[in-house]
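>>> coordinates only, sequence not included:
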């Protein structure tokens, strides 16, 4: 079908954003495009850039509650261009579906937020403060984007009450699921030391593969916790393991292992580290462990934000959304510790990071209406 779908403000802005080749961490002018729209509404525009990362903090109004709309402009690389049915940075509609890198993750969410606020403010003043927190550093190392902005806001004493992150959350159809929490992510680069030697003379060497194997088997078998009503049990997964010199007659001197915990609120990063070190030490290993914490777990309890979001979704779609805590990490992990109620609401996520990423065109206006309805319920009228 030709690209002749009826236009709308949300669709038009989504197309404009997709057309900007904002490969992480390049913003490619996306934030400026939205900042211009927000400035025209009376928002105060502030750039909290760090280490070359574009960070937009835009505010409107004053006082409580402070409601933050958050998201990211950066996208993952498209992969082989020949695998796409159309250019990933030339938005195209086929059979009522909009294709392009970032269509679902998450330029449609950003466009829907901006247009929702434009409609809302056109109806009259609101109570409280509206804010946008938009970064170009979410798909990459995520150290100088939302994390940096949150540190600046904390230093100023800024306390958000509510936040929506526009990540893709739908399972089968838009509105069937919202995310109210995420597991924490704790990773480790582990190097176990042995002594290199000839395979024919094992007594003159110390094979680190053999040393590690029993300890690794124990780590894999451990029940770290049993989860809870909101989260599945904590999982331990090995993502990479490497040893050897390339020769088949050499006992290696070291073995390198990469593993990750996706952990629930029943465990802490400290408790998981302690249990791993106890196992490694008990097996007498000589090792170096380089840990990194990608994000703490968070959970938004049933409250005003969840109720407002559920009501808005039901009004627009007729659905009662499932409350979800699965998936990977998002920038909500930086906002939630500020004390805000945080949810993630976005389009269906079945094509994120894939070839031919897409979103249904009819879902764009529906998503924007959900944002508008949620904001209206919590900010009310001045």
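Done, it's in. What you see is a predicted model, and the numbers here were worked out from it, not measured in a lab.

>>> same for the helix-or-strand element of the chain with minimal mean pLDDT, what does it pack against?
Within the chain, no helix or strand scores below strand 298-299, which has a mean of 92 by mean pLDDT, DSSP states H and E. Counting by 3 or more Cβ pairs under 8 Å, 6 or more residues apart in numbering; DSSP states H and E, the packing neighbours recorded for strand 298-299 are strand 181-182. The C-beta positions use only the backbone N, C-alpha and C, and glycine is treated the same way.

>>> can you list contacts of the strand it packs on?
230-231, 295, 297-300, 325, 327-330, 332-333 (Cβ atoms under 8 Å, 6 or more residues apart in numbering).

>>> in the helix or strand residue 153 falls within, what's buried?
For residue 153, the enclosing helix or strand under DSSP states H and E is helix 146-156. Within helix 146-156, the residues that count as buried by 16 or more other Cβ atoms under 10 Å are 146, 147, 148, 149, 150, 153.

>>> same thing with stretch 11-18?
11, 13, 14, 15, 16, 17, 18.

>>> Distance check, the third one against residue 99.
Translated: residue 14. 11 Å (Cβ to Cβ, to the nearest Å).

>>> Which residues are in contact with each of those two?
Common neighbours of residue 14 and residue 99 (criterion: Cβ under 8 Å, 6+ apart): residue 91.

>>> Going along the chain, name the helices of the stretch 251-382 of the chain.
269-282, 304-317, 332-335, 361-379 (DSSP state H, counting those that start in this stretch).

>>> Residue 215 is nearest to which of these?
helix 269-282 (5.5 Å; Cβ to Cβ).

>>> on contacts alone, who are the packing partners of the closest one?
strand 184-193, helix 208-221, strand 254-263, strand 286-295.

>>> Which neighbouring elements make contact with the first one?
The one in question is strand 184-193. Partner elements for strand 184-193 (3+ Cβ pairs under 8 Å, 6+ apart): helix 208-221, strand 254-263, helix 269-282, strand 286-295.

>>> possible to save the buried residues of stretch 11-18 as a markdown table with pLDDT and secondary structure?
As requested, the buried residues of stretch 11-18 are exported to a markdown table (pLDDT from 0 to 100; DSSP: H, G, I helix; E, B strand; the rest coil):
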| residue | pLDDT | secondary structure |
| --- | --- | --- |
| 11 | 98 | helix |
| 13 | 98 | helix |
| 14 | 98 | helix |
| 15 | 98 | helix |
| 16 | 98 | helix |
| 17 | 98 | helix |
| 18 | 98 | helix |
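
>>> what are the phi and psi angles of the most centrally placed residue in the chain?
The residue lying closest to the centre of the chain (Cα atoms, centre = their mean) is residue 330, at 2.1 Å. Main-chain torsions, residue 330, degrees, to the nearest 10: phi -150, psi 180.

>>> I figured it was touching residue 344, is that so?
Yes: the criterion here is Cβ atoms under 8 Å, and residue 330 meets it with residue 344 at 6.2 Å.

>>> shared neighbours, these two?
Contacts common to residue 330 and residue 344, judged by Cβ under 8 Å, 6+ apart, are 165, 167, 179.

>>> The stretch 1-150 of the chain: helices as residue ranges?
With helices called from DSSP H, counting those that start in this stretch, the stretch 1-150 of the chain shows them at 9-18, 30-40, 108-122, 146-156.

>>> between those helices, which gets nearest to residue 133?
Nearest to residue 133 among the helices of the stretch 1-150 of the chain is helix 146-156; the distance by Cβ to Cβ comes to 5.8 Å.

>>> what does the helix or strand that comes right after the closest one contact?
Once helix 146-156 ends, the next helix or strand along the chain (criterion: DSSP H and E) is strand 162-165. For strand 162-165, contacts defined as Cβ under 8 Å, 6+ apart pick out 65-71, 113, 133, 304-305, 309, 330-332, 335-336, 340-345, 371, 374, 378.

>>> List the residue ranges of the protein that fall below the pLDDT cut-off.
For the chain, applying pLDDT under 70 flags the ranges 1-5, 381-382.

>>> wait, isn't residue 116 in contact with residue 369?
Yes: the pair residue 116 and residue 369 passes the contact test of Cβ under 8 Å, sitting 7.3 Å apart.

>>> Which residue of those two possesses the greater neighbour count?
A side-by-side neighbour count of residue 116 and residue 369, using other Cβ atoms under 10 Å, places residue 116 first with 25 against 20.

>>> which residues are in contact with stretch 28-36?
Contacts of stretch 28-36 (Cβ under 8 Å, 6+ apart): 13, 16-17, 20-22, 43, 45, 54-56, 58, 73, 107, 110, 114, 132, 134, 136.

>>> Kindly recompute the last result at 10 Å.
Residues outside stretch 28-36 that contact it (Cβ atoms under 10 Å, 6 or more residues apart in numbering): 13, 16-22, 27, 43, 45-47, 49, 54-58, 71-75, 89, 102, 107, 110-111, 113-114, 132, 134-136.

>>> do the same with stretch 239-248
187, 189-190, 192, 194, 196, 198-199, 207-209, 212, 216, 250-260.

>>> about what we covered before: show me what the helix holding residue 153 is packed up against.
On a contact count with 3 or more Cβ pairs under 10 Å, 6 or more residues apart in numbering; DSSP states H and E, helix 146-156 meets strand 55-61, strand 66-72, strand 129-135, helix 332-335.

>>> Can you lay out the ones you listed as TSV showing mean neighbour count?
Below are the helices and strands packed on helix 146-156 laid out as TSV (neighbours: other Cβ atoms under 10 Å):
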stretch	mean neighbour count
strand 55-61	21
strand 66-72	26
strand 129-135	24
helix 332-335	25
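
>>> Please tabulate the ones you listed in TSV, including the columns distance to residue 82.
Converted to TSV, the helices and strands packed on helix 146-156 look like this (distance: least, Cβ to Cβ, whole Å):
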stretch	distance to residue 82
strand 55-61	34
strand 66-72	27
strand 129-135	31
helix 332-335	35
